[in-house]
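K.L.:
Here is the input, now give the coordinates:
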Amino acid sequence: DLAEELQKQADSSISTSLDPLLAQLAHFSSASDLRDRITSLFKILDEEDTGAVSFEQMRTSLRKLPYEPKIYFTQDDFDLITGDGALATNGWLSVEQFEQIVRAQLKSYVQRSLTKAMVLQELDA
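P.N.:
So this is what the prediction gives:
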């Protein structure tokens with residue numbers, strides 16, 4: 001029946017390892033606030049202050065962040081968000097590339113969240 005189908009959709013909502021981080025970033029107040037948040041995150045990930053981050057830096061730094069659940073970022077995650085490396089330069093992301101990727105991931109997260117909320121609303125109706 002329709003209610004069961006809607007419940008299945010809500011339960012199977014796709015999530016990514018970055019969702020805890022994206023949930024926090026989604027609370028920005030303006031375009032400049034979002035840019036500042038993304039830049040601050042980039043600086044945290046760029047522990048060596050090189051102006052670029054690699055998969056390995058992202059993997060280790062994201063795991064250290066105080067999110068529940070912990071962020072376990074994999075090579076598959078990196079490949080997915082960078083289009084199999086097409087958005088990276090020799091496996092490295094500049095702050096501009098990182099911002100472009102985070103914005104795309106945030107958009108996807110918000111769309112998934114909205115879809116789930118709409119499905120759950122239908123279940124309550």
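K.L.:
Which elements pack onto the helix or strand hosting Leu120?
P.N.:
Secondary structure from DSSP states H and E places Leu120 in helix 95-124. Counting by 3 or more C-beta pairs under 8 Å, 6 or more residues apart in numbering; DSSP states H and E, the packing neighbours recorded for helix 95-124 are helix 2-11, helix 19-25, helix 31-45, helix 75-81. Using the backbone N, CA and C atoms, a C-beta is placed for each residue, glycine as well.
K.L.:
most tightly surrounded among the ones you listed?
P.N.:
Among the helices and strands packed on helix 95-124, helix 19-25 has the highest mean neighbour count (mean count of other C-beta atoms under 10 Å), at a mean of 17.
K.L.:
tell me the centre residue of the protein?
P.N.:
Nearest to the mean C-alpha position of the chain, by C-alpha atoms, centre = their mean, lies Leu18 at 3.9 Å.
K.L.:
Please report how far it lies from Leu25.
P.N.:
9 Å (C-beta to C-beta, to the nearest Å).
K.L.:
Same question for Thr16.
P.N.:
Distance of Thr16 to Leu25, computed by C-beta to C-beta: 13 Å.
K.L.:
Was I right to think Ile38 contacts Ile101?
P.N.:
No - using C-beta atoms under 8 Å, Ile38 and Ile101 do not qualify as a contacting pair, with a distance of 9.4 Å.
K.L.:
Count the neighbours of the residue nearest to Thr89 when sequence neighbours are not counted for me.
P.N.:
The spatially closest residue to Thr89, leaving aside those adjacent along the chain, is Gln97, at 7.2 Å (C-beta to C-beta, 6 or more residues apart in numbering). The tally of other residues near Gln97 (other C-beta atoms under 10 Å) stands at 17.
K.L.:
cool, the one 4 residues further on as well?
P.N.:
Neighbouring residues of Ile101 were enumerated by other C-beta under 10 Å; the total is 19.
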